[in-house]
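**Q** quick one, structure for this:
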Amino acid sequence: MNKPATALFLVLAIGAVRNAAAAEPLPPASQWIPQEAVIAVEVTRTNDLLDRAFDPKVIEAVQELPVYRQQASTPGFKQFLGVVDYLEARLRVDWPTGIRKLVGGGVTLAVVPGEGALLVIDAEDGELLEKLHEIVRTFAEAEAANQGQPDRVRSAEYRGVTGWTFGGDEAHAIVGNRLVVSNKAELLKRVADLRADPSAKSLATLPGYQAARQAAGADASAVAFVNLETLKQHPSVHKVLEGGGMNPLVSLLFAGVTEALRASNWLALGVHVDEGAIALEAAVDAASADAGAAARFALPKQAGEGAMPILAVPRRIAELSLYRDLHAFYAAKDELFPERTSGLIFFENMMGIFFSGRDLTEEVLAKTRPEVRFVVAKQEYDPAIGTPRVQIPAVAAVFRMRDPEKFRMVAEEAWQKALGLINFTRGQQGQPGLILDRPTHGDTKFTTAYFSSAEIDDRTAIATHFNFRPALAVFDDYLILSSTEGLARDLIDAVKSEAAATVEPLAETHSVLEVDGAGLAAILGANRDNLVRQNMVNEGHTREQAEAAIDALLTIAQQLDQLTLRVGAGEGRPQANLEVKLNLP
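**A** All right, here's what the predicted structure looks like:
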């Protein structure tokens, strides 16, 4: 065979091999992941996310953000844009289209205990993936040669797969349209083993993984699988789930959650993308009955019972609505906290003083109903009093009473004793105390206390303690305990509106959390200067660095419309749903 014919034969042979590799039918990425993987995150519908991310209105909105404009002026960002321009020219594709072609087939990330992590990317265009790899390889080889380490970039073949490393522990391979990257070469070899033997035990063959994928829903844009059976063997995870070190407040707030995780073998998370919203649904394989006796105080006992809906309150930042039987919770304290903490003993002693020796379990907490709500709202300051230099949000708790006629005076007495203790302590320190008042809001008379500002001349930045104007409102079967009079008034209106509308509880839901982006952004903006100074002190940043960090946090809050988390049960199993609505075009 002459030289031209030989050359032509080699070109055709190489092309045939490349086309054969590109045409190799690829199984789901989960078949190439070892069965021992403890976490696997699969983005199966990448275009759902990319369609939203690459919307021209969204890109324009991002480019208008102060954080983006600030970063765009830095040398590093300009260098990054230069690299993007270079790649667009070499690959002959604009970057949004290029990203779609490179990741459009799906992205999977898995963590294998003791072995490392795997990243699997399925490209829509295998030829583009090969071209990009060749460009990166060329640069890596040149950089390695310049540093006197030409052997840093190398390749090796294993079971028909050519693996590459560009240095360190990084290892990767391209098989057809699929890129597999790992931080351990041995883990990459395991991928090649699973590829060569489709009948081997992979993540896809694990029954728990199969059940979790089904629970997440076929329409999910992304799915996360957590192997709880394996994860619970880690000492720190085991300690948390078994209640080690759990304090009473955490146990009260997260009741049912840790118990459900402890009784489950897997956790599934399904991510659903909608217009302007992202929803995350969680499911486990334990039944609600498996939560155990320790969490029964958080489980609605009858059909139709559950946490109350979120109240409509002006300037609200966040609200937490719970179904918690406080009497049952505290009655089970010996079971929940066999080794009583010093904090719990101190709490009991203080409650004994405030409630005149009444039994906390049977004579106080037994008088409350399980519907409990906590509200956080930005304050509206009275110009006649002044605006504090540091603005602290108002906080309130809303309880419902079982025997309001008898318990209202007990609560009032306890509250006034608490105020008396505060005044006594402040008096010992030579500080001004609280002055009691009995204003009326509508037809509801309530008790409040305030600090006098009569002797203050400059009211533009008054002391921090003026954030507090504690109030207690007891009416009908409601008890409102608030850090400010203003929030107490707002809650009186909200509760009465709710009662008039005969709002029903959220059946089979024991916890609801809502965070309002507008309220969060408002309180962060009001305290921006203080937060910048605090960041400089705590993190050692320059003013410019601190401002960038706080402005980034403020930007995130401004893009958040509302975050809603619901936890309860459905079809006899614990469930959770997180929905995030964004302020996007």
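**Q** if you average pLDDT per helix and strand, which one of this structure comes out bottom?
**A** For the chain, scoring each helix and strand by mean pLDDT, DSSP states H and E identifies helix 3-23 as the least confident one, at a mean of 36.
**Q** can you give me the buried ones in stretch 266-274?
**A** Across stretch 266-274, burial judged by 16 or more other Cβ atoms under 10 Å covers Trp266, Leu267, Ala268, Leu269, Gly270, Val271, His272, Val273. C-beta here means a position set from N, CA and C on the backbone, and glycine is covered the same way.
**Q** turn those into CSV, including secondary structure.
**A** Converted to CSV, the buried residues of stretch 266-274 look like this (DSSP: H, G, I helix; E, B strand; the rest coil):
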residue, secondary structure
Trp266, strand
Leu267, strand
Ala268, strand
Leu269, strand
Gly270, strand
Val271, strand
His272, strand
Val273, strand
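**Q** show me where the stretch 1-150 of the chain dips below the pLDDT cut-off.
**A** For the stretch 1-150 of the chain, the stretches with pLDDT under 70 are 1-24.
**Q** now the helices for it?
**A** Assigned helices in the stretch 1-150 of the chain, in chain order: 3-23, 46-53, 56-63, 66-72, 75-91, 95-103, 126-146 (criterion: DSSP state H, counting those that start in this stretch).
**Q** closest to Phe254 out of those?
**A** Closest approach to Phe254 among those is made by helix 46-53 (29.9 Å; Cβ to Cβ).
**Q** okay, angle between that closest one and helix 95-103 too, please.
**A** 160 degrees (axes from the mean of the first three to the mean of the last three Cα atoms, to 10 degrees).
**Q** how close does the closest residue to Pro113 other than its chain neighbours get to Ala396?
**A** Counting by Cβ to Cβ, 6 or more residues apart in numbering, Val38 is the residue found nearest to Pro113 once chain neighbours are left out, at 5.4 Å. Going from Val38 to Ala396 by Cβ to Cβ, to the nearest Å gives 41 Å.
**Q** who has more neighbours, the two?
**A** A direct count of neighbours by other Cβ atoms under 10 Å for Val38 and Ala396 places Ala396 higher, at 24 against 18.
**Q** A helix includes the more buried one, no?
**A** No. Assigned with three-state DSSP, Ala396 falls outside any helix and is strand.
**Q** quick one: pLDDT of it?
**A** The confidence metric pLDDT takes the value 97 at Ala396.
**Q** run through the residues that contact it.
**A** Phe374, Val375, Ala377, Ile480, Leu481, Ser482, Ser483, Thr484, Leu487, Ala488, Leu491 (Cβ atoms under 8 Å, 6 or more residues apart in numbering).
**Q** could you redo the last one with a cut-off of 7 Å?
**A** Contacts of Ala396 were listed using Cβ atoms under 7 Å, 6 or more residues apart in numbering, and they are Val375, Ile480, Leu481, Ser482, Ser483, Leu487, Ala488, Leu491.
**Q** how much space separates it from Ile317?
**A** Applying Cβ to Cβ to Ala396 and Ile317 gives a distance of 12 Å.
**Q** try Ala552
**A** 19 Å.
**Q** between the two, which is the more surrounded one?
**A** Per other Cβ under 10 Å, whichever of Ala552 and Ile317 has more neighbours is Ile317, with 24 against 15.
**Q** with adjacent residues omitted, what lies nearest to the more buried one?
**A** Closest residue in space to Ile317, ignoring its immediate chain neighbours: Gly519 at 3.8 Å, by Cβ to Cβ, 6+ apart.
**Q** equivalent analysis for Phe54, please.
**A** Closest residue in space to Phe54, ignoring its immediate chain neighbours: Pro96 at 4.7 Å, by Cβ to Cβ, 6+ apart.
**Q** C-alpha coordinates for the helix or strand containing Gln575, CSV please?
**A** Element membership for Gln575, per DSSP states H and E: strand 573-582. Only the C-alpha atoms of strand 573-582 are listed here, as CSV (Å, rounded to 0.1, in the frame of the first residue of the first chain):
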residue,chain,number,x,y,z
ARG,A,573,-45.4,9.3,55.3
PRO,A,574,-43.5,12.3,56.5
GLN,A,575,-43.1,14.9,53.8
ALA,A,576,-41.6,18.4,53.4
ASN,A,577,-42.1,21.0,50.7
LEU,A,578,-39.9,24.0,50.2
GLU,A,579,-40.9,26.7,47.6
VAL,A,580,-38.8,29.7,46.7
LYS,A,581,-40.4,32.5,44.7
LEU,A,582,-38.0,34.9,43.1
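**Q** starting at the chain centroid, how far to stretch 311-321?
**A** Chain-centre distance of stretch 311-321: 19 Å, with Cα atoms, centre = their mean, to the nearest Å.
**Q** where along the stretch 401-550 of the chain do the helices fall?
**A** 404-428, 485-500, 517-526, 528-539, 543-559.
**Q** the buried residues of stretch 266-274: which two are farthest apart?
**A** Top of the distance list for the buried residues of stretch 266-274 (Cβ to Cβ): Trp266 and Val273, 23.2 Å.
**Q** which regions of the stretch 151-300 of the chain sit below the pLDDT cut-off?
**A** Where the stretch 151-300 of the chain drops to pLDDT under 70, the residues are 243-246, 288-295.
**Q** tell me how far Phe112 lies from Ala37.
**A** Slight slip there: residue 112 is Val, not Phe. Distance, Val112 to Ala37, using Cβ to Cβ: 5 Å.
**Q** oh, I was asking about Leu531
**A** From Leu531 over to Ala37 the distance is 40 Å, taken as Cβ to Cβ.
**Q** now do Asn177
**A** 22 Å.
**Q** check Asp551 too.
**A** 39 Å.
**Q** and these two? which has more neighbours close in?
**A** Using other Cβ under 10 Å as the criterion, Asp551 and Ala37 rank with Ala37 on top: 24 against 18.
**Q** surely the more buried one is in contact with Thr205?
**A** No. Taking contacts as Cβ atoms under 7 Å, Ala37 lies outside contact range of Thr205: 11.8 Å.
**Q** helices of the stretch 251-400 of the chain, start to end?
**A** Remark: helices assigned in the stretch 251-400 of the chain by DSSP H, counting those that start in this stretch are 257-262, 326-331, 333-336, 342-354.
**Q** distance from the last one to the middle of the chain?
**A** What that stands for is helix 342-354. 33 Å.
**Q** buried residues, that helix. List them.
**A** Neighbour counts over helix 342-354 (16+ other Cβ under 10 Å) mark Met351, Phe354 as buried.
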